[in-house]
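**Q** Structure of the sequence below:
(chains A and B)
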Number of protein chains: 2
Amino acid sequence: MPKPQAVLFDAYGTLFDVYSVGLRAEQLFPGRGARLAVLWRERQIDYSRLVTMCGDPARHRPFWELTERALRYAIQALVPQAVDDWAAYEPAAASLMNQYRHLSAFPENREVIQALRLQGVTTGILSNGDPEMLGIALRSAGLDGLLDPVISAEDARAYKVSPQLYALGEQATGLPRSQILFVSANAWDVLGATWFGYQTLWVNRANLPFEQLDTQPTAIGTNLRAVLDFF
Amino acid sequence: MPKPQAVLFDAYGTLFDVYSVGLRAEQLFPGRGARLAVLWRERQIDYSRLVTMCGDPARHRPFWELTERALRYAIQALVPQAVDDWAAYEPAAASLMNQYRHLSAFPENREVIQALRLQGVTTGILSNGDPEMLGIALRSAGLDGLLDPVISAEDARAYKVSPQLYALGEQATGLPRSQILFVSANAWDVLGATWFGYQTLWVNRANLPFEQLDTQPTAIGTNLRAVLDFF
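**A** This is a model prediction of the structure:
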């Protein structure tokens, strides 16, 4: 397999810890914070898939908006009275959305990305996130300026695992897919990228099994440092 | 809204109780049966969406096969040693798959479908399931002969919420979508069918909120009897 010329990182779950909202969620919904964070994340992914799969471009919504909708669902699923009195729960939702805007970044990110750049490797992002939320998250994490291109689902108006979105990685780097390494902590995203034809690294932070669909990632690691083994 | 001329039912979750595998799962994996049933169902739906969304027809697999793969994932996620020694867990998986073949049907199904047929309404199925598993499930539940057409994702080689699959309801009944009532207990399926243009009934058996994506079903009920309110 040719040595990759570019590395494209997924953002949510890979560079940013989507479950770092759990502490604030626990303060707001004692005893149910972790459950809320999981439900929220599940629904966020579900909604992104549904709007793309339905095939109607008019159903597309930016990821920030889908994230808000997913949070509303998750709160209403955990707290039935929120269905009838959503206004009473809006402040909690706003607080969690604000937290989501500034998710914690994983500690090894910066060092790994800088090491790649020192070797002349292109380092970018290919994410479901919209440009505004990605920009804020990258600045918060001190990663702005280290990642270019920043490819967003908004550029394709389609979410993962649509090939329209993965294809933008080739366009933006000018490289064939076989020379691009795609890195994600989300197994399903790694699956989609492998199907598309990228070299792939699954960052298995949670020690989970890989998806059971006859496809394996090029490599598996436990944190982002495993990227460096490709070089 | 015109009175529907045909009613198309979703199968899994709507006519058949996908969580009726929980008891057997609990016998096989004490203390984790309910969790296994939920993980299994989640992965089954995930896998169906991923193979359709990736846009490559060669990735399509029949629902029975995706259901097996999802179960393998769920067992490996709950029991880490199953990753390295899957053979030891194959008998448990086979037992659960056999249970899945003969899921419990909800008690009101037969009476509701018969009442519709007495009124001359076409009653059929529009399901992610493949024809063989649907046939066995319908016979097991004593519903064979009461549902025609039986529309399968295999006919479209695409899973919900792909419009290619929903469109087969119009083709099979010869009716425009506005005259067809689609009934599902899965909120996301009702969402997709409403987007497509069907009249829809969400059978909200578990008292959950509806999906928060600016679309409401035509009606909501708590069991299948709510279908009769359309007539």
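
**Q** care to break chain A down by domain?
**A** A:6-16+A:104-230, A:18-101 (automatic domain parsing).

**Q** now, of those domains, which is deepest in the fold?
**A** Comparing those by mean neighbour count (mean count of other Cβ atoms under 10 Å in any protein chain shown), domain A:6-16+A:104-230 ranks first with a mean of 20. From N, CA and C alone the C-beta is placed, and that goes for glycine too.

**Q** Would you mind checking the average pLDDT for that domain?
**A** Per-residue pLDDT values over domain A:6-16+A:104-230 give a mean of 97.

**Q** so what secondary structure elements neighbour the lengthiest helix in chain A?
**A** Secondary structure assigned by DSSP state H gives helix A:33-53 as the longest helix of chain A. Helix A:33-53 sits against helix A:22-28, helix A:63-78, helix B:33-53, helix B:187-196, with contacts defined as 3 or more Cβ pairs under 8 Å, 6 or more residues apart in numbering or on different chains; DSSP states H and E.

**Q** Now tabulate the ones you listed in CSV and tack on distance to A:D229.
**A** As requested, those are exported to CSV (distance: least, Cβ to Cβ, whole Å):
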stretch, distance to A:D229
helix A:22-28, 30
helix A:63-78, 30
helix B:33-53, 27
helix B:187-196, 39
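
**Q** okay, the angle between the longest helix of chain A and helix B:187-196?
**A** Helix A:33-53 and helix B:187-196 are oriented at 30 degrees to each other (axes from the mean of the first three to the mean of the last three Cα atoms, to 10 degrees).

**Q** CA atoms only for helix A:33-53, dumped as CSV, please.
**A** The C-alpha coordinates for helix A:33-53 follow below in CSV (Å, rounded to 0.1, in the frame of the first residue of the first chain):
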residue,chain,number,x,y,z
GLY,A,33,-26.1,12.5,32.5
ALA,A,34,-24.2,9.6,30.9
ARG,A,35,-27.4,8.2,29.5
LEU,A,36,-28.3,11.6,28.1
ALA,A,37,-24.9,12.0,26.4
VAL,A,38,-25.2,8.6,24.7
LEU,A,39,-28.8,9.2,23.6
TRP,A,40,-27.9,12.6,22.3
ARG,A,41,-25.0,11.3,20.3
GLU,A,42,-27.0,8.4,18.9
ARG,A,43,-29.8,10.7,17.7
GLN,A,44,-27.3,13.2,16.2
ILE,A,45,-25.9,10.4,14.0
ASP,A,46,-29.4,9.0,13.2
TYR,A,47,-30.7,12.4,12.1
SER,A,48,-27.7,13.0,9.9
ARG,A,49,-28.2,9.7,8.2
LEU,A,50,-32.0,10.1,7.8
VAL,A,51,-31.8,13.5,6.1
THR,A,52,-29.3,12.2,3.6
MET,A,53,-30.9,8.8,3.0
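
**Q** which stretch among the helices and strands packed on helix A:33-53 comes nearest A:N223?
**A** helix A:22-28 (19.3 Å; Cβ to Cβ).

**Q** I'd like to know which of the helices and strands packed on helix A:33-53 lies nearest to B:T14.
**A** Here helix B:187-196 is closest among the helices and strands packed on helix A:33-53 (Cβ to Cβ), at 8.2 Å.

**Q** Could you confirm whether that closest one reaches chain A?
**A** Yes - for helix B:187-196 and chain A, the contact criterion (Cβ under 8 Å from any Cβ of the partner chain) is met by B:188, B:191-192, B:195-196.

**Q** what residue of chain A is the furthest out?
**A** A:D84 (31.5 Å; Cα atoms, centre = their mean).

**Q** doesn't A:V183 fall inside a strand?
**A** Yes - assessed by DSSP: H, G, I helix; E, B strand; the rest coil, A:V183 belongs to a strand.

**Q** That one and A:Y89: what is the separation?
**A** Counting by Cβ to Cβ, to the nearest Å, the gap from A:V183 to A:Y89 is 36 Å.

**Q** picking up where we left off before, which among the helices and strands packed on helix A:33-53 is found nearest to B:W202?
**A** Among these, helix B:187-196 comes nearest to B:W202, with 4.4 Å by Cβ to Cβ.

**Q** Following the chain onward from the closest one, which element is next?
**A** For helix B:187-196, the following helix or strand on the C-terminal side (DSSP states H and E) is strand B:199-203.

**Q** Helix or strand next in line after that following strand, which one?
**A** strand B:219-221.

**Q** Which pLDDT value belongs to the closest residue to A:M97 other than its chain neighbours?
**A** Take A:M97 and drop its neighbours on the chain: the residue closest to it by Cβ to Cβ, 6 or more residues apart in numbering or on different chains is A:E68, 6.0 Å away. If you check A:E68, the pLDDT there is 98.

**Q** Distance check, A:E68 against B:I113.
**A** Distance, A:E68 to B:I113, by Cβ to Cβ: 40 Å.

**Q** A:T200 now?
**A** A:T200 is 47 Å from B:I113, by Cβ to Cβ.

**Q** Nice, that's everything, thank you.
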